[in-house]
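Trainee: Task: produce atomic coordinates for the following.
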Amino acid sequence: MPERTPHVNPQDRSPHRRPGPVSPSVVRRRGCRTTGALLAAVLGAGLLTGLTSAPSPARAGEEATGARPVADTPPVKPAEGSSARPAACPDDLRGLASCYAGQDRNGAHYTVAVPEKWNGDLVLHAHGGPDLEAPGPERSAEDLERWSVMVKEGYAWAGSSFRRGGYGARMAAADTERLRRLFRTDFARPGRTLLHGQSWGGDVAAKAAETYGARSERPVYDGVLLTNGLVAGASRGYDYRVDLRVVYQYFCGNHPRPSEPQYPLWQGLPADSTMTSADLKARVQECTGVESEPEDRTARQQRNLSAILGVVQVPERTLVSHLNFATFTFRDIVHQRLDGRNPFGNRGVRYSGSPDDRALNAGVQRFSADPSARRDLSYDSDLTGRIRVPVLTLHAIDDPTVFVEHESAYRASVEGAGRGRHLVQTFTKESEHSALSDSGYAAAVRSLASWVDTGRKPVPGQVAERCTDADATYGTGCFFDSGYRPGSYASRVDPRPGGLRWPAMTAAQERVWSRIEGVGIAP
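Mentor: As a prediction, the model looks like this:
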């Protein structure tokens, strides 16, 4: 299932507080650090076996498979006065979970699911996009349907639609953190909270993990799972779409047409343009015949298509969706978020792969980023790599939307920050962006949970082994390639001058920028 077409695309605490049940996993996870008084209370409650050094049979099985044991706990329901109301669960969760929908104080819709046999832990989800239209309750409901495997694994699940459409990674991270707090006050205090980000949500989740609890004694998230994540950040992570925009115009010349008002291509579109996605798709078809079978294309269409794909290296099947982003989401970033300033540049880039590279480089539109705009986009979305908790990434090797080389950029950022010990990256021989194997997702979350519990960092081969166990339940196949390592980000995307070192924004630079009034993208 492809990612949604993008253009169709301060924290508060709930005043209605209640303590909420404490999950049995709190005892399991914190038992070794319990004070004498609490230890006596726990022993008096008859939980000695959970604190002894020898694991119980259930615990031993958990360590072997990574699956979390479920707990016999009372049903978890929203607190009185909560905005959450009962909602229909996805078909595959009916009878297995209770689902709720609500809206937080900032207007962000959210969906929560609690399995009947809850393991006491929470998976907090950050979705991809960004959607450009005002998000409704259906967004988080659709995310629950897509990620129902997490609930089947025994986790409570919560996802926010975010308070508004359009770009804003820190805004989305704040809404995700707000939902974590809301779950704790309105539902229950989970034993562990695992943060999951998909696609652009991978950037959001990684940003949240770096931001919240970064200076506290104990991080607010226990582990992070990033799936097909846009983890190079935005200041460099969209360079290939900048390249696509200018290379497409060089060969096609119809976006804009010569008869239409001209504008710098970094804008995506003029703010008042009435172009629709259907209009854009028709123009791409006119120039490249990408929607036609190869034998039905004209010779000129095939030449244009081959030249564009040869230079920019985007898959043919996602050419239109990438141009959608470089048109409509760029317009949102420039006009709605950066007050018309340009965060993108391509001066100094030498394009290659066309029939005549010399003519291409002489004729393609060139521009430089406004330093303040690039700073604001970088501050909003780039990652410092300063992670404190286990982070496991899962990425399809042939992801057609967020190229696998994003993982190389993220690894370089994390290692550049001296935090490589907290990162495990895994790769699968899959070719989709938004829908990988449920068995693979289950293996990833089981491996992350075991790492959090035991402190033993898994290697990719162990994640693959857990997939075999999970596949006995889900039957969707295992495609891990334990020996794969992607090429550098620069091997896929032409670097800008000075753009080879990672992280794109260091923690020191982030601290300096944070003192500038109005820096970043407003929520």
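
Trainee: Could you pull out the strands in the protein for me?
Mentor: 85-87, 97-103, 109-115, 122-126, 156-160, 193-198, 223-227, 391-396, 423-428 (DSSP state E).

Trainee: Let me have those strands in a markdown table, extended by mean pLDDT, mean neighbour count and distance to Pro78.
Mentor: The way it works is simple: take the backbone N, C-alpha and C, and place the C-beta from them, glycine included. Shown next, in a markdown table, are those (pLDDT from 0 to 100; neighbours: other CB atoms under 10 Å; distance: least, CB to CB, whole Å):
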| stretch | mean pLDDT | mean neighbour count | distance to Pro78 |
| --- | --- | --- | --- |
| strand 85-87 | 95 | 13 | 8 |
| strand 97-103 | 96 | 20 | 6 |
| strand 109-115 | 97 | 25 | 8 |
| strand 122-126 | 98 | 29 | 14 |
| strand 156-160 | 97 | 28 | 12 |
| strand 193-198 | 98 | 28 | 18 |
| strand 223-227 | 98 | 28 | 26 |
| strand 391-396 | 98 | 26 | 31 |
| strand 423-428 | 98 | 23 | 35 |
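
Trainee: Serialize those strands to a markdown table and add fields for distance to Glu510.
Mentor: Compiled in a markdown table, the strands of the chain are given as follows (distance: least, CB to CB, whole Å):
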| stretch | distance to Glu510 |
| --- | --- |
| strand 85-87 | 38 |
| strand 97-103 | 31 |
| strand 109-115 | 28 |
| strand 122-126 | 20 |
| strand 156-160 | 24 |
| strand 193-198 | 19 |
| strand 223-227 | 18 |
| strand 391-396 | 18 |
| strand 423-428 | 19 |
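
Trainee: how many other residues sit next to Pro523?
Mentor: Pro523: 14 surrounding residues under other CB atoms under 10 Å.

Trainee: and the gap between it and Gln198?
Mentor: Noted for Pro523: a distance of 21 Å to Gln198, by CB to CB, to the nearest Å.

Trainee: contacting residues for the residue lying closest to Ser378 once chain neighbours are set aside?
Mentor: Once flanking residues are discounted, Ser378 sits nearest to Ser235: 4.0 Å by CB to CB, 6 or more residues apart in numbering. Applying CB atoms under 8 Å, 6 or more residues apart in numbering to Ser235 gives the contacts 343, 374, 377-378, 381-382, 504-505.

Trainee: give me the number of residues near the nearest residue to Ala271 once chain neighbours are set aside?
Mentor: Distances taken as CB to CB, 6+ apart place His335 nearest to Ala271, at 4.2 Å, with adjacent residues excluded. By other CB under 10 Å, 18 other residues sit near His335.

Trainee: ok now stretch 435-446, how far from the chain's centre?
Mentor: Remark: stretch 435-446 is offset 15 Å from the chain centroid, using CA atoms, centre = their mean, to the nearest Å.

Trainee: average pLDDT for that stretch?
Mentor: The average pLDDT within stretch 435-446 is 97.

Trainee: With His322 as the reference, name the closest of the strands of the chain.
Mentor: strand 391-396 (16.4 Å; CB to CB).

Trainee: what's the angle from that closest one to strand 423-428?
Mentor: 20 degrees (axes from the mean of the first three to the mean of the last three CA atoms, to 10 degrees).

Trainee: helices and strands around strand 391-396, which ones?
Mentor: When contacts are defined as 3 or more CB pairs under 8 Å, 6 or more residues apart in numbering; DSSP states H and E, strand 391-396 packs onto helix 200-211, strand 223-227, helix 406-416, strand 423-428, helix 438-454.

Trainee: Mind putting those into CSV with distance to Pro256?
Mentor: Output for the helices and strands packed on strand 391-396, formatted as CSV (distance: least, CB to CB, whole Å):
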stretch, distance to Pro256
helix 200-211, 27
strand 223-227, 37
helix 406-416, 30
strand 423-428, 40
helix 438-454, 42
